[in-house]
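Participant: after the sequence you'll find the predicted model.
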Amino acid sequence: MAAISAVTNWQTTAAPLNFVETPAKDLFGANVFSRTVMQERLPKPVFKSLQKTIESGAKLDPAVADIVASAMKDWAIEKGATHYAHVFFPLTGLTAEKHDSFLSPDGEGGAILEFSGKQLIQGEPDGSSFPSGGIRATFEARGYTIWDVTSPAYILENANGTTLCIPTAFVSWTGEALDKKTPLLRSMQALNGQAQRILMLFGKTDGAFVSATAGPEQEYFLIDRHFYFARPDLLAAGRTLFGAKPPKGQEFEDHYFGAIPERVLAFMLDVERELYKLGIPVKTRHNEVAPGQYEIAPIFESANLANDHQQLTMITLKRVAEKYGMACLTQEKPFAGVNGSGKHVNWSLGSKTQGNLLDPGDNPHSNAQFLVFCAAVIRAVNKYQGLLRAVVASASNDHRLGANEAPPAIISIFLGDQLTDVFEQIKKGGAKSSLSGGTLTVGVDVLPPLPKDAGDRNRTSPFAFTGNRFEFRAVGASQSIAGPLVAMNTIVAESLDFCATKLEKATGGKPEGLHAAVQGLLTEIINENGRIVFNGNGYSAEWHAEAEERGLLNLKTAADSLPVLGANEVRDLFEKYEVLTPRELQSRLDIYLEQYCKSVCVEAKLTVEMAKTMIFPAAVRYQNELASTCANLKFVGYEFDTNTLDTMTSLVRSLQDSVAALEKTLAHHGHDGVLGEARHLCESVLPAMLVVREAADELEGIVADDLWPLPTYQEMLFIK
């Protein structure tokens, strides 16, 4: 009751934001060392050299570093910065940063402000204290951060000052990648190389860098911080390990796109203001399906920049939520029984001169270049479906995939009516037409007719074509998008390599033979990879049976899917395109399995602790109240039904027995390595935790409300 009172009486301490005084367009990029800032502050030759690196992937000229560092320092100091930080993304999936001061003693009792090219280009955080999968032993500590010129530096504001933040890659002393960014940059380089071969076949020889692009949608929950700190499971595990289903959940379908609560809208406006300053192009905000769930989505950017911005978005959501007395939950399934949270990654590729290479145009059947790129994606997803499942695998995403708010663990592609029809025509000898969208009229004179798309959407597909991009919907809300992007970039690079080699051989470099070669290639690809295309209901039992007949993988858990990273085919893929060495890939498999084991172990220990120290005492107290009431009534001669007491006694016994069984299962040792441990936790510990939860959740429905020690789902999801 105290927590509810605190929530309902909450008053903001934040001053209202003045959006009239500073329009959003003037805020955008205000804290970014952007192209415009560089053009103003750098000598023309230095600016041109830097832009060549950023826009075309040319090698960075080290000679420009000192000039850039000086300009960057002056700009940052003008904005109040006293420190700079190399920001990087270790294999925890989180963001890391090392701060250093600009201030240096001058030897005469004073100080000067310094920032050299060497300090800009290279930093040296400890390389042994981050997950390395054996690449770095504890006694081998050296690691390097390396300036990523393609992702602009920015100013991070704090109430007491600002910091210049420099996006960097993070590698070991041996040069091996210890981070998420390095493989992402390598994969983009590989994708560009193979895409250029396809473009050259179609006479596009300008060489403009073909970049993967991404626009990740972020779903999240907001609950009041009073509730958050009263839940040890949310605090330590990010999800509720106990919680009875409330009388009302999402069954009325009244939250999705509903009116945004005032407190939440104030939070959203503040978040957007902060993101605008950082140059993050957030576009959409709305209520999501579950009560207490929301979404923020940006427009497309280069994949590397989109990844950096996504990490910043998650940090900003959590930081600003505190300002409004709330906690932002990005875990995939914080509440059982309602929709979990994903991070739909919209992926495409294109260049400044050619535009979006996955834009089908008005007549996709005659757009041969588009069809080759689209077919390459189809082949890539079919051939490497297991890899795509593995890169979204985690203990938390296991609770979401396959439920009614997320795609199934079976990877398939939704093409839609128009593209499916085109590829069906290709299979039969050649595409001659494309389905048109037409016009939609609704029979109300005051409403204008609308252009109608040529096909519907499919929200159950894990990999769906949505007009001019593919949407990878299986990515979890808490995950870095770097891993999925690395996988998509690399498998499509391999597929484009396959296509280019076939077309080059078939045409012999002569453009007049291209049409027939493309027809033959497309026919081959769709015949050999058509099994991956599915436009129906991915939730249905019929699809699961059909997918098995098609030979598609159904890797239901992280313990099932992560071993794909160790497959020879995957190792050869990453090694061939110089994205990950075998040792770097093995390190990631070891780290992700270890993270899975640690996550489940933490949850299991929390389940035991909360059951013993919070739920059991509350149940026993209520059991004692019931027993005393029964005894007192019997003493004065009243017959009293003991059904409730009998149920309580049975449930308390079940709780004790299930906790003891969980402890025994958790203590079991002798597994065959980390994979054996992961499978034990998946197959034995998680089911044992559910048995404890079942007893506890039943008790929640009986124990007096004033004795129950945890905020309930009803309170957390609906009281704002």
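Facilitator: Thanks, I have the structure now.
Participant: so where's the stretch 501-650 of the chain uncertain?
Facilitator: Counting by pLDDT under 70, not a single residue of the stretch 501-650 of the chain qualifies.
Participant: residue 6: neighbouring residues, count only.
Facilitator: The number of residues packed around residue 6, counting by other CB atoms under 10 Å, is 14. For glycine as for every other residue, the C-beta is placed from the backbone atoms N, C-alpha and C.
Participant: once you drop chain neighbours, what's closest to it?
Facilitator: Nearest in space to residue 6, with sequence neighbours left out and distances taken as CB to CB, 6 or more residues apart in numbering, is residue 226 at 4.7 Å.
Participant: could I have the helix or strand hosting that neighbour exported to CSV, CA atoms only?
Facilitator: Per DSSP states H and E, residue 226 falls inside helix 225-229. What follows is helix 225-229, C-alpha atoms only, in CSV (Å, rounded to 0.1, in the frame of the first residue of the first chain):
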residue,chain,number,x,y,z
ARG,A,225,10.4,2.8,-9.6
HIS,A,226,8.6,2.1,-6.3
PHE,A,227,7.4,-1.2,-7.7
TYR,A,228,10.7,-1.9,-9.4
PHE,A,229,12.7,-1.7,-6.3
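Participant: related to what we said a few turns ago, count the residues that sit near the residue nearest to residue 6.
Facilitator: 21.
Participant: quick check: it touching residue 9?
Facilitator: No - using CB atoms under 8 Å, residue 226 is not in contact with residue 9; the gap is 10.4 Å.
Participant: tell me which residue of the chain is furthest from the middle?
Facilitator: The centre of the chain is farthest from one residue, residue 637, which by CA atoms, centre = their mean lies 64.1 Å away.
Participant: and residue 282, what pLDDT?
Facilitator: pLDDT, residue 282: 96.
Participant: so how many other residues sit close to it?
Facilitator: When neighbours are counted by other CB under 10 Å, residue 282 registers 20.
Participant: one more: the one 10 residues further on?
Facilitator: Look at residue 292: counted by other CB under 10 Å, it has 26 neighbours.
Participant: what's near enough to touch it?
Facilitator: Shown in contact with residue 292 (CB atoms under 8 Å, 6 or more residues apart in numbering): 221, 222, 223, 335, 716, 717, 718, 720.
Participant: now do residue 312
Facilitator: Residue 312 touches 95, 275, 278, 280, counting by CB under 8 Å, 6+ apart.
Participant: low-scoring pLDDT stretches of this structure, where are they?
Facilitator: Low-confidence segments of the chain (pLDDT under 70): 1-3, 8, 13-14, 138, 402-405, 438-442, 445-447, 450-456, 670.
Participant: longest strand in it, please.
Facilitator: strand 161-172 (DSSP state E).
Participant: which element follows that one toward the C-terminus?
Facilitator: Note on strand 161-172: by DSSP H and E, the next helix or strand toward the C-terminus is helix 181-201.
Participant: packing partners for that next one?
Facilitator: Counting contacts by 3 or more CB pairs under 8 Å, 6 or more residues apart in numbering; DSSP states H and E, helix 181-201 packs against strand 161-172, strand 211-216, helix 303-323, helix 368-383, helix 482-507.
Participant: what's the angle between the third one and helix 482-507?
Facilitator: For the pair helix 303-323 and helix 482-507, the angle between their directions (axes from the mean of the first three to the mean of the last three CA atoms, to 10 degrees) equals 160 degrees.
Participant: show me what counts as buried in helix 303-323.
Facilitator: By neighbour count with 16 or more other CB atoms under 10 Å, helix 303-323 contains the buried residues 303-314, 316-318, 320-321.
Participant: now the fourth one
Facilitator: Judged by neighbour count using 16+ other CB under 10 Å, the buried positions of helix 368-383 are 368-383.
Participant: in three-state terms, label the closest residue in space to residue 358 that isn't next to it in sequence for me.
Facilitator: The shortest distance from residue 358 to any non-neighbouring residue, by CB to CB, 6+ apart, is to residue 348 (4.7 Å). Look at residue 348: counting by DSSP: H, G, I helix; E, B strand; the rest coil, its state is strand.
Participant: and residue 348, how many neighbours does it have?
Facilitator: 22.
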